[in-house]
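>>> A structural model of the following input is requested.
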Amino acid sequence: QVHVVESGGGLVQAGGSLTLSCAASGRTDSAYTMGWSRQAPGKEREFVATIYLRDGVTGYADAVRGRFTISRDSTKNTVSLQMNSLKPEDTAVYYCSAETKEDDFYRSYWGQGTQVTVSS
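Below is the predicted model of the structure:
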């Protein structure tokens, strides 16, 4: 089992920057990707970014590509999301996830989320 905890959310003005962090613990050796999703009020949760832990390959949603950067620190089992040029529509609860393969079963573990609010 893997436990993930997000941090770094807050209030920022449009055009500003914010960095989110996600710390993983437990059977982190079973994790092969970690990523971020977000959920705005009244909307479904949507994919934001992902990173493959072994080789660092990344993927982004079109809405954030070029503005957000996901990175990993394998020594600390952490993943960060650097968010630049923030827009009011980026306002959401941001969730970190870890995808694992444990005993031939694939699982996803989610954090509690951290609020990001971008004011216009």
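>>> how much space between the residue nearest the centre of the chain and Thr19?
Note on the chain: the residue nearest the mean C-alpha position is Trp36, at 2.4 Å, using C-alpha atoms, centre = their mean. Distance, Trp36 to Thr19, using C-beta to C-beta, to the nearest Å: 12 Å. Quick note: C-beta positions are derived from backbone N, CA and C, even for glycine.
>>> Tell me which residues are up against stretch 53-72.
31-36, 46-52, 74, 78-86, 89-90 (C-beta atoms under 8 Å, 6 or more residues apart in numbering).
>>> please redo it, this time with the cut-off set to 7 Å
With contacts defined as C-beta atoms under 7 Å, 6 or more residues apart in numbering, stretch 53-72 is touched by 31-34, 36, 46-51, 74, 79-85.
>>> how about low-confidence regions in this protein?
Counting by pLDDT under 70, the chain shows no low-confidence range.
>>> how about the strands in it?
Secondary structure of the chain (DSSP state E): strands at 2-7, 10-13, 18-26, 31-39, 46-52, 58-60, 68-73, 78-83, 92-102, 105-110, 114-119.
>>> one step back: distance check, the residue nearest to the centre of the chain against Ala49.
For Trp36, the distance to Ala49 (C-beta to C-beta) stands at 5 Å.
>>> joint contacts of the two?
70, 81.
>>> Stretch 56-66: which residues count as buried?
Buried positions in stretch 56-66, judged by neighbour count with 16 or more other C-beta atoms under 10 Å: 58, 60, 64.
>>> Pairing partners for the second one in the sheet, please.
Looking back up the chat, that one is Tyr60. Under DSSP bridges, the beta-bridge partners of Tyr60 are Ala49.
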